[in-house]
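> take a look and give me a structure for this.
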Amino acid sequence: MTKRLILGVILSGLWVSAFAQGLGPLSVEDRVQDSRQSAAASDEALMMLMQQLQQYEQEISMLRGQFEELRFELDNMKQAERDRYLDLDSRINALSTTTGSVASATATPQVANSVGTGAPADPEAERSAYMAARDLLYASRFDDARKAFEAYLSSYPQGQFRDFSHFWLGEAWRSLDKPDREQAMTQFRTVIERFPDSSRVPSAMYRLAMLEAESGNTDEARATLNRVIQQFPSSSEAGYARTMLEQLK
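Residues are numbered from 1 along each chain as shown. From the prediction side, this is the model:
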């Protein structure tokens, strides 16, 4: 009985040892496989994070655009109020000094205001045309938005929303199902060159740099990014530009 018990213990030990040896290599392989799966999952998560970051940047740009447009319109309204006050004041002065020509006194300031400011014939129609084009862009109807902004710029060559329209037209071109980078870059360059005082210039520069990099012109992209940092160091686009410069190294 004792011999059988001892033999059983020895056999059990050998079986456990063989089983452990058989599992050893599999355990290592499992760890390697787990490591590879973790690395793949990390890469996928990083790609998703970068895509979300680009989407957030675009949404922030649109929100900033809305804010700047509202501020632009508010400034225009204030200027219009000042013009009306000055016009009324000039009419009162004219009436007090020339009592015999009320008609000419009231007509002359109107003509001067119309010619002097170069205002469009129907500013409300102009604003409606611009807003309609912008709403199409916000609805992701990029081809319709492109056509609407082109129609606005054609109908109102001296319109008050020209810089915004060229910027959003560039966004529409680069957001199409088949993006046209050349057309988009042309619009962003138009904002930079023709409207240097526009609030859209930093964003136009950054968008231009992105398109230059996507087109393989990394030297041009770096130069444009450095312009953003030098000319607009406190802007959010300058921060984006620094990050992009690190990626282009």
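
> buried ones in stretch 129-148?
129, 130, 133, 134, 136, 137, 142, 144, 145, 146, 148 (16 or more other CB atoms under 10 Å). All C-beta spots, glycine's among them, are computed from the backbone N, C-alpha and C.

> all helices of the protein, in order?
Ranges of helices in the chain, per DSSP state H, are 2-97, 102-117, 123-138, 142-155, 162-175, 181-194, 201-214, 218-231, 236-247.

> by mean pLDDT, flag the weakest helix or strand of the protein.
helix 102-117 (a mean of 41; mean pLDDT, DSSP states H and E).

> where does this protein have low pLDDT?
Along the chain, segments meeting pLDDT under 70 span 1-121.

> kindly recompute the last result at 90.
1-122, 248-249 (pLDDT under 90).

> for residue 158, see how far away residue 185 is.
24 Å (CB to CB, to the nearest Å).

> of those two, who's got more company?
residue 185 (23 against 9; other CB atoms under 10 Å).

> from residue 179, how far out is the more buried one?
11 Å.

> how about residue 207?
12 Å.

> ok, these two, which is more surrounded?
residue 207 (24 against 15).

> so the more buried one makes contact with residue 171?
Yes - if you go by CB atoms under 8 Å, residue 207 and residue 171 touch, sitting 7.4 Å apart.

> who touches both of these two?
Residues touching both residue 207 and residue 171 (CB atoms under 8 Å, 6 or more residues apart in numbering): residue 184.

> burial measure for the residue nearest to residue 215 when sequence neighbours are not counted, as a count.
Once flanking residues are discounted, residue 215 sits nearest to residue 181: 5.6 Å by CB to CB, 6 or more residues apart in numbering. Residue 181 has 15 neighbours, counted by other CB under 10 Å.
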